[in-house]
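Undergrad: just a sequence and a predicted model for now, questions to come.
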Amino acid sequence: MRLRSTLVTEFPSENSQVDADAAPAADAETTDTNTPATKPSWRKRAAIVAAIAVPALVASGAGVAHAHKSVALDVDGQVEQVSTFAGSVQGVLAKQGVTLGEHDIVSPDPNAALTEGATIVVRTAKPIEVMIDGATHTIWTTADDTAGALAELAASGRSASIVAASRSTERQELSLPLITDGKVKLIVAGEEREIDVEGETTLEGLLLKAEVKLGEHDDVKITPADNNTVIVTIDRVELGERTETEDLPFATTEQKSGDLFVGESKVVTAGKAGVITRIYETVSVNGKETSAKLKDEQRTEPTAKVVAIGTKKRPAPKPAPAKAAPAKRSTAASSGGSSSAGSTGGAAPTSGVWARLAQCESGGNPRAVSASGTYHGLYQFSVATWRSVGGSGLPSQASPAEQTKRAQILQQRAGWGQWPACSAKLGLR
């Protein structure tokens, strides 16, 4: 007599519940507990339970059904010799305290009449959760271990795996051992190795033997392979945070100011860039980020730069009084000397291009000094440029004629670009 190992699922499948026939109260039976108990592997068990649909044993009569019999009772590989007066298989099971679950299998049929020397085989079904086509199903199996259950599914044409641990679900405690007398291909963060298993081992036992510790969020997946081999894949999963920033440029605005002369400008408010700070919750698998979800975003607006532009007209310069001594100094300067700090001889030009340039740069005032103190005189020389063309002291302290002379030297050397705004305004370049 052979009993086929079966898998029962909670998706479309028919399962029958066996109703027990109570044995007569007068029946008595004894159990031989000295018979060695054996627990075959799932392959051997499959051979034992290979044919559940066997013809029911037919009792030859009421007298025979209640005659004393000696039978073997095999419950999940634990075999006992039972001496009984029960007339049916169910009667023996009831007397031995064996309660059948909805998905358990038994052979012969529980309602079959009992015969001398019969072997009653009971296999208890256990539930496991598997992934089939991306969906989770509960499978009831009489296989000895996880590898056997997956192999039976594969043999039936259904590719399945077991998710033993996942960050999205609570860690599943396997109701079956992992494998019995086989091989395990262990893949941890992409690194593969093979482990031989003698006897029975659990997933926890395998990881202990391999010296592999699971992280809080690691994924563990069990899939079948050929030749009594199971694949255990562990993906190292880390949850973290990542911060990104994005600069926001500031704008520049101008506003008119009657406090500044035409051609002058002043920064009223310094510009400052803004920033967007984004915080992401990240998931990394085996060291590579696989997903990121925006957790928080903070925005600091930029501060605009404000520049005041002068609108006040410069006053007309008062002509400097002519003096004999400064005139001589000017003549000497024209021969190659430079003016002294106190030189005031010579008048500003009143016509021509140099008069127009002086009017644009300083309003025609030879003593003009910029608000920053950097630029001096008719042509708004910097001290460094003034000295590069032979001047000494401050340009605003030299005579208008001396300033014009130095301006002409500078123009000959470097062109009208030395006065970019005014030369462009006057059409000189």
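TA: That came through, no problem.

Undergrad: any idea which helix or strand comes after the longest helix along the chain?
TA: What stands out as the longest helix in the chain, according to DSSP state H, is helix 400-414. Where DSSP states H and E defines the elements, the next helix or strand beyond helix 400-414 is helix 420-425.

Undergrad: and that next one, what does it pack against?
TA: Judged by 3 or more Cβ pairs under 8 Å, 6 or more residues apart in numbering; DSSP states H and E, helix 420-425 is in contact with helix 352-362. C-beta coordinates here come from the backbone N, C-alpha and C atoms, glycine included.

Undergrad: which residues touch the helix it packs on?
TA: 263, 314, 317, 348-349, 364, 368, 377-380, 404, 407-408, 419, 421-423, 425-426, 428 (Cβ atoms under 8 Å, 6 or more residues apart in numbering).

Undergrad: the helix or strand just after that helix: how far from the chain's middle?
TA: Using DSSP H and E, the next helix or strand after helix 352-362 towards the C-terminus is strand 375-376. How far strand 375-376 lies from its chain's middle: 60 Å, per Cα atoms, centre = their mean, to the nearest Å.

Undergrad: the helix or strand following strand 375-376: how far from the chain's middle?
TA: Using DSSP H and E, the helix or strand that follows strand 375-376 towards the C-terminus is strand 381-382. Its chain's average C-alpha position is 59 Å from that of strand 381-382, according to Cα atoms, centre = their mean.

Undergrad: run through who's touching the helix or strand just after strand 381-382.
TA: As assigned by DSSP H and E, the chain's next helix or strand after strand 381-382 is helix 383-388. Defining contact as Cβ under 8 Å, 6+ apart, one finds that helix 383-388 is touched by 376, 394, 395, 406, 410, 418.

Undergrad: swap the cut-off to 7 Å and go again
TA: Here helix 383-388 makes contact (Cβ atoms under 7 Å, 6 or more residues apart in numbering) with 394, 395, 406, 410.

Undergrad: which one of the residues you listed has the most neighbours?
TA: In terms of neighbours by other Cβ atoms under 10 Å, those top out with residue 395 at 29 neighbours.

Undergrad: angle of the longest helix of the chain against helix 352-362?
TA: Orientation check (axes from the mean of the first three to the mean of the last three Cα atoms, to 10 degrees): helix 400-414 against helix 352-362 gives 100 degrees.

Undergrad: in helix 400-414, what's buried?
TA: 400, 401, 402, 403, 404, 405, 406, 407, 410, 411 (16 or more other Cβ atoms under 10 Å).

Undergrad: touching, the first one and residue 347? I think so.
TA: Yes - counting by Cβ atoms under 7 Å, residue 347 is a contact partner of residue 400 at 5.5 Å.

Undergrad: for the residue nearest to the spatial centre of the chain, identify the helix or strand it belongs to.
TA: Computing the C-alpha centroid of the chain and ranking residues by Cα atoms, centre = their mean puts residue 282 first, at 2.9 Å. Assigned by DSSP H and E, residue 282 belongs to strand 274-285.

Undergrad: what about that strand, average pLDDT?
TA: Averaged across strand 274-285, pLDDT comes to 96.

Undergrad: make 37 the starting number, not 1.
TA: Understood, numbering begins at 37; the last thing we discussed is strand 310-321.

Undergrad: which elements pack onto that strand?
TA: When contacts are defined as 3 or more Cβ pairs under 7 Å, 6 or more residues apart in numbering; DSSP states H and E, strand 310-321 packs onto strand 273-284, strand 324-336.

Undergrad: which positions within stretch 265-285 qualify as buried?
TA: 265, 266, 267, 268, 269, 270, 271, 272, 273, 274.

Undergrad: also stretch 413-422?
TA: Buried residues in stretch 413-422, defined by neighbour count with 16+ other Cβ under 10 Å: 413, 414, 415, 416, 417, 421, 422.

Undergrad: right, and the pair among the residues you listed with maximum separation?
TA: Greatest spatial distance among the buried residues of stretch 413-422 (Cβ to Cβ): 414 and 421, at 13.4 Å.

Undergrad: contacts for stretch 226-243, please.
TA: 181, 200, 210, 213-222, 245-246, 250, 268, 322.

Undergrad: what pLDDT, on average, does stretch 346-356 get?
TA: Mean predicted confidence for stretch 346-356 is 82.

Undergrad: over to stretch 128-137?
TA: So the average pLDDT for stretch 128-137 ends up being 88.

Undergrad: ends of it, what's the gap?
TA: From the first residue to the last, stretch 128-137 extends over 16 Å; the measure is Cα to Cα, to the nearest Å.

Undergrad: and if you look at stretch 315-332?
TA: For stretch 315-332, the first-to-last residue distance is 5 Å (Cα to Cα).

Undergrad: stretch 268-287 now?
TA: OK, stretch 268-287 end separation, Cα to Cα: 59 Å.

Undergrad: buried ones in stretch 158-168, by neighbour count?
TA: So stretch 158-168, judged by 16+ other Cβ under 10 Å, has buried residues 158, 159, 160, 161, 162, 164, 165, 166, 167.

Undergrad: typed the wrong thing, it's stretch 307-314
TA: 307, 314.

Undergrad: residues in contact with that stretch?
TA: Outside stretch 307-314, the residues that touch it by Cβ under 7 Å, 6+ apart are 279-286, 288, 330, 333-341.
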